[in-house]
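Chemist: Sequence and predicted structure, then a few things I'm wondering about:
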Amino acid sequence: MEKRTTIAFMGAGSMAEAMIAGMTKTLYQPEQIIVTNRCNTERLAYIQKTYHVRTEINKDTALKEADIVILAMKPKDAAEAISSIAHAIGEHQLIISVLAGVTTDTIVSLIGKPVAVVRAMPNTSAAIGQSATAISCGRYANDSHLATAQALFETVGIVTAVNEEDLHAVTGLSGSGPAYVYYLVEAMEKAADEIGLEREVAKDLILQTIIGAAHMLRTTDKQPAMLRKEVTSPGGTTEAGIGVLEHYHYQEAVISCIKRAAERSQELGKALLSLHR
Ligand SMILES: NC(=O)C1=CN([C@@H]2O[C@H](COP(=O)(O)OP(=O)(O)OC[C@H]3O[C@@H](n4cnc5c(N)ncnc54)[C@H](OP(=O)(O)O)[C@@H]3O)[C@@H](O)[C@H]2O)C=CC1
Ligand SMILES: O=C(O)[C@@H]1CCC=N1
């Protein structure tokens, strides 16, 4: 029987957990996944108990078995983390990095071998198979590596291949994107409270409003501006509400938010590069 792919996660935080949750719900058997982190054994115990995957404190042991190594630590920890495991990484392994801002060239250089690296930017909706992930190949990765990464991320959502330099923009848009939506929901919940709705009633209404609007965007050919216009009766409530959003420069705020997040991705990559030099 063909050996099943073994995947080692270097990092057991929010993004790793979202991927593990999604992956174990679909194509992957828990025993195909080995998870390690820096030192938080309680976190590893939680991951093991929740997803029944294997956990390992010794990174060399985890890496030895792995066909695919997923780098899922914070960019600030990456130089130390990757340098410390470089000796245990072989050229037969595929490295997939979900690190914001960090280029495939930086990763190859930290490993110090011509390894295949695919850089990916998923989001935490991977936990329920709904990630929007973009992927890009490093200099030693070929179409087959890209296809392997694509198949992996397809188990947790949709995948699109982009040029590596576009991953900063993707990070600001869809990597961080779920947080913008959650922030909006937080604001809607606070508003509902202030205008006197019961919390549970408001929660259901807000959720269905978001789901309904998302489905409308997906299922109709209409542009968002047209869908908005259809809600906005002349002289009505929506017009009054949107007027306030315009007063507060809502669209400009969102545009600046996404631009700043994309810029921060670049900064994170540069910060690591200066540490590494
Ligand atoms: N959160 C998100 O929505 C997204 C995050 N990402 C990227 O994913 C990466 C992880 O982010 P996130 O999960 O939020 O971060 P967390 O802080 O939640 O998790 C970081 C993890 O990295 C581990 N770690 C730190 N140093 C090492 C090391 N030397 N060797 C192995 N593991 C190590 C930590 O272990 P310990 O606890 O023991 O210190 C921890 O498990 C980042 O690079 C981020 O840019 C990408 C897309 C979306
Ligand atoms: O906030 C961050 O840096 C990570 C990358 C994208 C989402 N979370």
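Modeler: That came through fine. Ligands and ions are numbered 1, 2, ... in the order given.
Chemist: When you work out contacts or count neighbours from here on, use the C-alpha atoms and nothing else.
Modeler: OK.
Chemist: Is the helix or strand of the chain with the lowest mean pLDDT in proximity to ligand 1?
Modeler: Least confident element among the helices and strands of the chain, by mean pLDDT, DSSP states H and E: helix 250-276 (a mean of 93). No: judged by Cα under 6 Å from any ligand atom, helix 250-276 stays clear of ligand 1, getting no closer than 8.3 Å.
Chemist: Counting by contacts, list what that helix packs against.
Modeler: The contact analysis (3 or more Cα pairs under 8 Å, 6 or more residues apart in numbering; DSSP states H and E) places helix 250-276 against helix 75-85, helix 167-170.
Chemist: Could you dump the ones you listed into JSON lines with distance to ligand 2 added?
Modeler: Shown next, in JSON lines, are those (distance: least, Cα to the nearest ligand atom, whole Å):
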{"stretch": "helix 75-85", "distance to ligand 2": "8"}
{"stretch": "helix 167-170", "distance to ligand 2": "9"}
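Chemist: quick one: which of those helices is nearest ligand 1?
Modeler: Across those, ligand 1 has its closest neighbour in helix 75-85 (3.5 Å, Cα to the nearest ligand atom).
Chemist: can you give me the strands in the protein?
Modeler: For the chain, the strands defined by DSSP state E occupy 7-10, 33-36, 54-55, 68-71, 94-97, 116-121, 131-137, 157-161.
Chemist: Parallel or antiparallel, list what pairs with the second one.
Modeler: It refers to strand 33-36. strand 7-10 (parallel), strand 54-55 (parallel) (DSSP bridges).
Chemist: Near ligand 2, which residues of the stretch 51-200 of the chain? Just list them.
Modeler: Checking the stretch 51-200 of the chain against ligand 2 by Cα under 6 Å from any ligand atom, the hits are 100, 171, 175-176.
Chemist: Go again with 8 Å.
Modeler: For the stretch 51-200 of the chain, the residues in contact with ligand 2 (Cα under 8 Å from any ligand atom) are 74, 99-100, 121-124, 171-172, 174-177.
Chemist: what sits against Gly13?
Modeler: Shown in contact with Gly13 (Cα atoms under 8 Å, 6 or more residues apart in numbering): 72-73.
Chemist: In terms of pLDDT, where does it sit?
Modeler: The predicted structure scores Gly13 at 98 on the pLDDT scale.
Chemist: picking that back up, can you say which of the strands paired with strand 33-36 is nearest to ligand 1?
Modeler: It's strand 7-10; of those, that one is closest to ligand 1 (Cα to the nearest ligand atom) at 4.5 Å.
Chemist: Extract the CA atoms of that closest one and return them as PDB.
Modeler: What follows is strand 7-10, C-alpha atoms only, in PDB (Å, rounded to 0.1, in the frame of the first residue of the first chain):
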ATOM      1  CA  ILE A   7       2.600  16.500   7.600                       C
ATOM      2  CA  ALA A   8       4.500  18.200  10.400                       C
ATOM      3  CA  PHE A   9       3.300  21.500  11.800                       C
ATOM      4  CA  MET A  10       6.000  23.700  13.200                       C
END
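Chemist: any idea of the mean pLDDT in it?
Modeler: Rounded mean pLDDT across strand 7-10 is 98.
Chemist: Do it and ligand 2 come into contact?
Modeler: No: using Cα under 8 Å from any ligand atom, strand 7-10 stays clear of ligand 2, with a minimum separation of 15.8 Å.
Chemist: quick one: that strand to chain centroid distance?
Modeler: On the basis of Cα atoms, centre = their mean, to the nearest Å, strand 7-10 sits 16 Å off its chain's mean C-alpha point.
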